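A.B. asks: Predicted model, plus sequence, below.
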Amino acid sequence: MPRKKDPEIYDYKLKSGKTKYGFKTYVGINPEDGKPIKPTRQGFNSYKEAEAAKIKLKAAGAISVANNRKAESNKKTVQEVYDIWFSIKKDNVRESTLYNIKCDWENHIKPEFGNKYINRIDITRLQKFVNWLSQKYISYQYKVNILHRIIKYAILRGWCNEDPFNKIVIPKKSSKKSDRPKENYYNTRGAS
C-alpha cells in the first residue's frame, strides 16, 4: 500500500517545467505575542527532501517551545503589567503626572508593546522604538522611562527575568532640535 501524502507538502512547477517541492507547517507559538508560527520553505528537488526538511524544522521548533514553556498563569502582557502598575502609581502622584503617563502610554508605548509578553520583549524592537522616540521628541527620555519602570515592576513581581534595557543603547540626547530661543529671558539693557 502506498504511503499517505503529507497535506503540508506541495509541489509546484517552475517556468522551465521542472517540478519542485515545498511545505508550510506549524512549529509552535511565538513567545512574544502568542500567535502561531507557520514557516514556509520551498525549492526542494524531491518530496523526500521536503519531508526531511519539514521533520527537522518541526523538531527544532518543538525543542524551542519546550525550552520556553512557562506556566500560563505567570505570563503577563505589557498591558496587564501596566494596568497593575498604574493602579498603584495613581495613589502616589499628582493628577497632571497621571495624565502625562496615560497620554504617553496610549500614544506611544501601548501601540508598540501593549500586546507583547513582558518577559519576551524583543531587544531589536526596543532599540528601534527608543531611537524613533529620540528622533521625534526632545523630551523622549520621559516616555522611555515609563516603559522601563513598567519592566522593573514586572521584574520585582517575578513576571520578567531580565531587564531588556540593559541590552540596548539609549541615546544621550534627542536628535530633534528645540524651537525655543536660546536666550529666553528678559534683557534689561534693551529697555529704556
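C.D. replies: Arrived safely, thanks for sending. Residues are numbered from 1 along each chain as shown.
A.B. asks: Domain parsing of the protein, as residue ranges.
C.D. replies: With domains defined by automatic domain parsing, the chain comprises 9-68, 74-167.
A.B. asks: What are the boundaries of the strands in the protein?
C.D. replies: Assigned by DSSP state E, the strands in the chain fall at 9-13, 19-24, 28-29, 36-37, 40-44.
A.B. asks: Buried deepest among the domains of the chain, which one?
C.D. replies: Greatest average neighbour count among the domains of the chain goes to domain 74-167 (a mean of 16), per mean count of other CB atoms under 10 Å. From N, CA and C alone the C-beta is placed, and that goes for glycine too.
A.B. asks: My read is that residue 159 contacts residue 119, right?
C.D. replies: Yes - using CB atoms under 8 Å, residue 159 is in contact with residue 119, at 6.4 Å.
A.B. asks: which stretches of this structure have low pLDDT?
C.D. replies: 1-4, 31-33, 62-74, 174-192 (pLDDT under 70).
A.B. asks: quick one, which of the strands of the chain is nearest to residue 78?
C.D. replies: strand 28-29 (17.5 Å; CB to CB).
A.B. asks: what packs against that closest one?
C.D. replies: If you count contacts as 3 or more CB pairs under 8 Å, 6 or more residues apart in numbering; DSSP states H and E, strand 28-29 packs onto strand 36-37, helix 47-68.
A.B. asks: Repeat the analysis, applying 6 Å as the threshold.
C.D. replies: Strand 28-29 sits against no helix or strand, with contacts defined as 3 or more CB pairs under 6 Å, 6 or more residues apart in numbering; DSSP states H and E.
A.B. asks: rewinding a little: using a markdown table, lay out the domains of the chain together with distance to residue 173.
C.D. replies: Shown next, in a markdown table, are the domains of the chain (distance: least, CB to CB, whole Å):
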| stretch | distance to residue 173 |
| --- | --- |
| domain 9-68 | 30 |
| domain 74-167 | 8 |
